[in-house]
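Just the structure for this:
(3 chains)
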Amino acid sequence: MKRRNLPLYLGLAILLLFVLVALVPSLFTSYSRKDMFPPWQGMSSEHFLGTNNLGYDIYTELIYGTGDTLFIGVTSSILSLVLGLAIGTLSSSESFVGSIFTSLTNMFVYLPKLVTLIVLSTFLGSSSFTLIALISAFGWVGTSRVVKGKIVHLSSAPFIENCTLLGYGKLHTVLHHYVRNLQDVIVSRFLAGATSCIMMESTLSFLGFGDLYHPTWGTMVNYAWKRGAMLRHAYNYLLAPGFAIMALSLSFYFLSLFFEKKQEEINL
Amino acid sequence: MKHRLSVLVIILLSSALMLFARPVKESPAGESSSFAVERITVGTTAKIEKAERGEYAFDMLASAVTELPLVYQDTSGSYHPLLVDFATEDGVSWTFTLKDGLKWSDGVAVTAEDILFTFQHEDASGSAYLTDQTDSKGKVTKAKYVSCTVSADNRSITLVLPSANVRMLGDMTSFRILPKHIFENNASPTVADKRIGCGPYTFDSFSAESGTIVFKANADYPETPRVGEIVYRIFGNEDTMYLALQNGDIDIVWNYSMGVPATYQDFLASSPAVSLVAVPATNAPAVLAFNNAKGPFADENLRKAVSYALDYDLFKAYFGSEYASVPNRGFVPPTTVGYKDTEKLGHDIGKADGFMAAAGYRKNALGVYVDSDGEPMSFALTVNSSKQTHLGYAELIKTQLEAFGMQVAIDGLDGTSYNAKTSNRFSNNNITTEAAIYGYTSAGMGMMNGLGSIYVDGTHAVQGGCQVFDPEFQAVIARLASSRNLEEYYVAAGALQDFYAAHTPLIALYWDNLIYAYSSGLGNLTVDAVFGLNNVNNWMTISSR
Amino acid sequence: MMTKYRKDIVTALFAFCFVIILNFILPRILPGDPIAYLTGFAEEDMTVKQYEYYEDALHLKAPLPEQFLHYLKSLGDGSLGYSYKKEATVRSLIFNRLGHTLQITLTSVCITSIIALVLGLSAGLSKGGSFDRAVTTSSVILNTVPTFMIGIVLLLFFAFHKKWFPYANLSSTGVRKGTVSFFLDRIWHLFLPVLTLVLAQLPSRFLLVRNLAANISEEKYVLYAKTRGLSHRTIKYHYIFPNIAAPFINLVGMSVGSALGGALVIENLFSINGMGTLLTDAVYSLDYPLIQGILFVTTAFMTLSIILSDGLCLVVNPKLRKKERTQ
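Modelled structure (predicted):
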């Protein structure tokens, strides 16, 4: 009993910790984000992770960056999920509309993701909202294919046929039967999507896109890389944000593990 | 199990093999043991694609080895002959005489006709050296030189200017001549043709995969250099380049018009393998320029308020080297020809507040400056986000001004969009920034009438970021252009700096020396004002300890 | 005959056309004056004649449809356009660099696929066993590390700290092309970049193969094979593998696309002049022809690899072929 729930507790604990940090950053650090100290200090009791080239406390930057990273990551994964659900459902219909959306999905599969994102971000600028829009614009593809597959599978299921035979309205069928059976897909896709959105965001930030005055974790690594952290052996600056990304992704993974196990048990 | 074990062993063995795949470093050819220094490796982050004449980055690099300019400028500011000796009596008519014994690398002698041909060749692609050029809109660019005559012995050339230009030699420090016998009547010169030069070195090879360009000493050059082989190594980023310097993989770091960034200076200074040399700079590395015509900073009071609200010591501390200093309101650094002492920039909140009041802004209860309608004083600060140091300046300005009571939004643009917003040519004469961070090169500062005027003058065809259209300003520019000798120039330059100090169209955030880095195993280096450590004279004096 | 495959190819071609149009539009919506970038912003002077010459050559004054026709023509004659900034045909620029990017991408796709297959089959067959748990856990943890982090850690440790491998470029100075030492030197330089990409891609590929294999392992015929006493190796490669061949090949085809994206980050880190740096340069200098060319080549590559892998699936799996025929 307890062992099965371990992933859930672990995942939730880490995630809640991050959410808390994002909401109440001042609880975790007494410095302000832009307070300037002597630059390039090593790790010490005053500066847990040292200071960067402008003298900002790296630990503080990490704390405040949590909110920015989470905001972009979670928002874009929610958006991708909604888009994926919508397009997946639309493409599952057997009419002309369905084939259009299926073709649209397939076309997006052929587009070189990162390359197009780079050209688009150059045009649209690099604010957080642009980034969210762009990541969602490519993040829905996987979800929509899974959703379409599941809906097509469901449509041929006997109990759905029963619904139509019994004379239930289409809306009722959709809301009560389809959605309930899609729940597991929604949850697993959301969690998987969250991880991939966070990865995409941090890669784009690392390449230099994104809001530069409110750095996310990916942007912090970009700064470290470009401002000489390598040369100075300032490994704290280079690696700390990466560990934060790892921890956040792990928490989502643990949660998805828990839901997967639960799903298995239902299926058995 | 056995099967898996053997696979593992194979993988481990091949990985171990990798470690021994290191190539044996090839030493330069045996005959160069007659040189004092066998080989010098120069590291650069310049982007070189084809390594041939006509490629801007390559031309700059080759100015030290094959494509020598006519004259050079030393670090005290005086000009000296390089390919040519120069003479003038009135500043209007200049005679350049080629040094003896110069030959192109295919054996043909260098003649004065090559210089004339170069002017003509450039004019054919639209430059205005000897002929006026008119564009499709009818705008006329007058020729720089009235006439250019080749002497009877084909060794000298006489240029006549429309009026005395005391700073004419500045342009000659990057003027490179083309071989007439190759490029005349030749629509498509070969790659080998485009690598022909007349310097102390000849082009040997270029490898894009290892990012190296190799030059070997030229036996036909009148003077024998001390270095047998010069190798340029192209790096993708500065970190790896400075690391290579520390490791001894390269000897000198060079980038055109750039020194060691502040972020590496203290670190390199404390490294025994690296030595630094500081040169007084003629560039302006950190400039906060206002749009004087459009936006909130059309109001002079607001510009002045900002100039008193910033704490310049912080810029000096975080971005400058040990040689950095707080600039004057006259904007140009002390090395500028015609420099005049003007009031130093200072941090004075009281004065800043006074100027805000004059502009109609009062601090409200929240500490934000608002005008009579309750609108806060806010502006967008445009910055080129591909330049790390510029981003740093923008951040510091925002932090300080927001503490003061203004609201600043950082408009971080990629290189393309930044250029599209901040210079006349790239924005089609529609500069829309309110304030922007710039870095001005030495060449740019000295161009046309000097003192960075091309950046301030709103009518300049290419730059003009500050969008100043004042008749008073134009009058001073006219005086600069028409100076017949240095004294007149100094007076006009002083007037321009007074204008800068009085109206604050732009602010220099700090002045600094240019710092160049080289390996501690080298000595007797010669630094050039335009090309830093990558210059011809360096190869003539350098020695290894 | 193969109607579904044909439909797929048609969709792919449509996608390709859509992308070509998009590639044409995208550079033109970037802000700025493209001609101004041709002589390089570093030259603070610009001559009039050059401006008009380029305006003409780039057909920028012509109406959009005409510009599009010129673009199509450049695609048709194979030159992919001419980059005035770099003074070379786009095709030559790309093909110089494409080789470098492909050396990293294709090598790592091959290595990743093979390792993922071998490990995934073993783990899927013995699902829940200690081997499976160990490898899966480490994969999961590795999966949470972003590509650039892997690259930075490897660079820091092996190149800077231990100095066992080089930290930049593809070859060392002075090594002559075509010799054995050149080949070894190239491998020495490629080791870290390829290792980074492999480590970045391996976890997700492994997990997918493992899940596929695990599903098949639950089939009755696998159980029967086990009770018959067949060795694990036979079961893996003769029973499970043929059944997952189709999705596996699909996987390999798709991973070329994501590998190209990962290569971008890696080229950045290891100072390798490949397509990634070419793209950044092109975008930075508004080199329209070059941007179009790169987008075109990348898309063509991805589409090609997907179509090839789909076709390979059909060839490999007689069941699918039969299904096609009877439809």
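
Give the residue spans of the stretch 151-300 of chain C that score low on pLDDT.
Regions of the stretch 151-300 of chain C meeting the criterion pLDDT under 70 cover residues C:170-177, C:284-286, C:288.

What residue in it comes nearest to chain B?
Closest to chain B within the stretch 151-300 of chain C is C:Ser271: 2.9 Å, counting by Cβ to the nearest Cβ. Heads up, the C-betas are built off the backbone N, CA and C, glycines and all.

any idea which element the closest residue to that residue other than its chain neighbours lies in?
Leaving out its chain neighbours, the residue that sits closest to C:Ser271 by Cβ to Cβ, 6 or more residues apart in numbering or on different chains is B:Gly236, at 2.9 Å. For B:Gly236, there is no helix or strand it lies in under DSSP states H and E.

thinking again about what came up before, show me the contacts for the residue of the stretch 151-300 of chain C closest to chain B.
Applying Cβ atoms under 8 Å, 6 or more residues apart in numbering or on different chains to C:Ser271 gives the contacts B:211, B:235-237, B:240, C:167-169.

and what of B:Lys351?
B:304, B:308.

So it belongs to a strand, correct?
No: secondary structure of B:Lys351 (DSSP: H, G, I helix; E, B strand; the rest coil): helix, not part of a strand.

Identify each buried residue in the lowest-mean-pLDDT helix or strand in chain A, please.
Ranking every helix and strand in chain A by mean pLDDT, DSSP states H and E puts helix A:170-172 at the bottom, with a mean of 71. By neighbour count on 16 or more other Cβ atoms under 10 Å in any protein chain shown, the buried set for helix A:170-172 is empty.

Is any residue of the helix or strand just after that helix near chain C?
As assigned by DSSP H and E, the chain's next helix or strand after helix A:170-172 is helix A:179-206. Yes: shown here: helix A:179-206 in contact with chain C (Cβ under 8 Å from any Cβ of the partner chain) through A:195, A:199, A:202-203, A:206.

show me where the stretch 51-200 of chain B has helices.
Here the stretch 51-200 of chain B has its helices, by DSSP state H, counting those that start in this stretch, at B:56-62, B:112-124, B:169-172, B:180-183.

mean pLDDT lowest for which of those helices?
Across the helices of the stretch 51-200 of chain B, helix B:169-172 has the smallest mean pLDDT, namely a mean of 81.

That one packs against which elements?
Contacts defined by 3 or more Cβ pairs under 8 Å, 6 or more residues apart in numbering or on different chains; DSSP states H and E place helix B:169-172 against strand B:71-73, strand B:79-81.

Name the stretch among these that sits most buried.
Of the helices and strands packed on helix B:169-172, the one with the most neighbours on average (mean count of other Cβ atoms under 10 Å in any protein chain shown) is strand B:71-73, at a mean of 23.

Parallel or antiparallel, which strands does that strand pair with?
The pairing partners recorded for strand B:71-73 under DSSP bridges are strand B:79-81 (antiparallel).

can you give me the mean pLDDT across the partner strand?
The average of the pLDDT scores along strand B:79-81 is 91.

So which bits of the top helix by length along chain A are buried?
Across chain A, the longest stretch assigned as helix under DSSP state H is helix A:58-92. Of the residues in helix A:58-92, A:58-81, A:83-85, A:87-92 count as buried by neighbour count, 16+ other Cβ under 10 Å.

longest helix in chain C, by residue count?
Ranked by residue count under DSSP H, the longest helix found in chain C is helix C:180-217.

and the contacts of C:Ser271 as TSV, adding neighbour count?
Formatted as TSV, the contacts of C:Ser271 follow (neighbours: other Cβ atoms under 10 Å in any protein chain shown):
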residue	neighbour count
B:Gly211	23
B:Phe235	23
B:Gly236	20
B:Asn237	17
B:Thr240	25
C:Tyr167	23
C:Ala168	24
C:Asn169	24
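
Name the residues of the stretch 301-450 of chain B found near chain C, please.
Residues of the stretch 301-450 of chain B lying near chain C (Cβ under 8 Å from any Cβ): B:386, B:414-417, B:419-421, B:425-428, B:443-444, B:447.

Kindly recompute the last result at 6 Å.
For the stretch 301-450 of chain B, the residues in contact with chain C (Cβ under 6 Å from any Cβ of the partner chain) are B:415-417, B:419-420, B:425-426, B:428, B:444, B:447.

The stretch 101-250 of chain A: helices as residue ranges?
For the stretch 101-250 of chain A, the helices defined by DSSP H, counting those that start in this stretch occupy A:113-124, A:128-155, A:158-166, A:170-172, A:179-206, A:217-226, A:235-267.

between these, which one is nearest to B:Ala46?
Smallest distance to B:Ala46 across the helices of the stretch 101-250 of chain A (Cβ to Cβ): 17.6 Å, for helix A:217-226.

tell me the angle the closest one makes with helix A:235-267.
Per axes from the mean of the first three to the mean of the last three Cα atoms, to 10 degrees, the angle that helix A:217-226 makes with helix A:235-267 is 150 degrees.

CA atoms of helix A:217-226 as CSV?
In CSV, the C-alpha atoms belonging to helix A:217-226 read as follows (Å, rounded to 0.1, in the frame of the first residue of the first chain):
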residue,chain,number,x,y,z
TRP,A,217,16.8,28.7,-15.4
GLY,A,218,17.6,28.1,-19.0
THR,A,219,18.6,31.8,-19.4
MET,A,220,20.8,31.5,-16.4
VAL,A,221,22.8,28.7,-18.0
ASN,A,222,23.1,30.9,-21.2
TYR,A,223,24.5,33.7,-19.1
ALA,A,224,26.9,31.4,-17.4
TRP,A,225,28.1,30.0,-20.7
LYS,A,226,28.4,33.3,-22.4
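
returning to that earlier point: with pLDDT and neighbour count added, can I get the residues of helix A:179-206 next to chain C in CSV?
Formatted as CSV, the residues of helix A:179-206 next to chain C follow (pLDDT from 0 to 100; neighbours: other Cβ atoms under 10 Å in any protein chain shown):
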residue, pLDDT, neighbour count
A:Thr195, 86, 21
A:Met199, 89, 21
A:Ser202, 89, 31
A:Thr203, 87, 21
A:Phe206, 86, 31
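
any idea which of the residues you listed is closest to chain B?
Lowest distance from chain B to these (Cβ to the nearest Cβ) belongs to A:Phe206, with 13.3 Å.

I figured B:Leu268 was touching B:Ser275, is that so?
No: the pair B:Leu268 / B:Ser275 is not scored as a contact, 8.9 Å apart, by Cβ atoms under 6 Å.

all helices of chain C, in order?
Here chain C has its helices, by DSSP H, at C:3-29, C:48-57, C:64-76, C:90-125, C:130-143, C:147-154, C:180-217, C:220-227, C:232-234, C:241-270, C:275-284, C:288-316, C:318-326.

which outside residues touch the third one?
If you take Cβ atoms under 6 Å, 6 or more residues apart in numbering or on different chains as the criterion, helix C:64-76 is touched by C:24, C:59, C:80-81.

Show me the two of the residues you listed that sit farthest apart.
Top of the distance list for those (Cβ to Cβ): C:His59 and C:Leu80, 15.5 Å.
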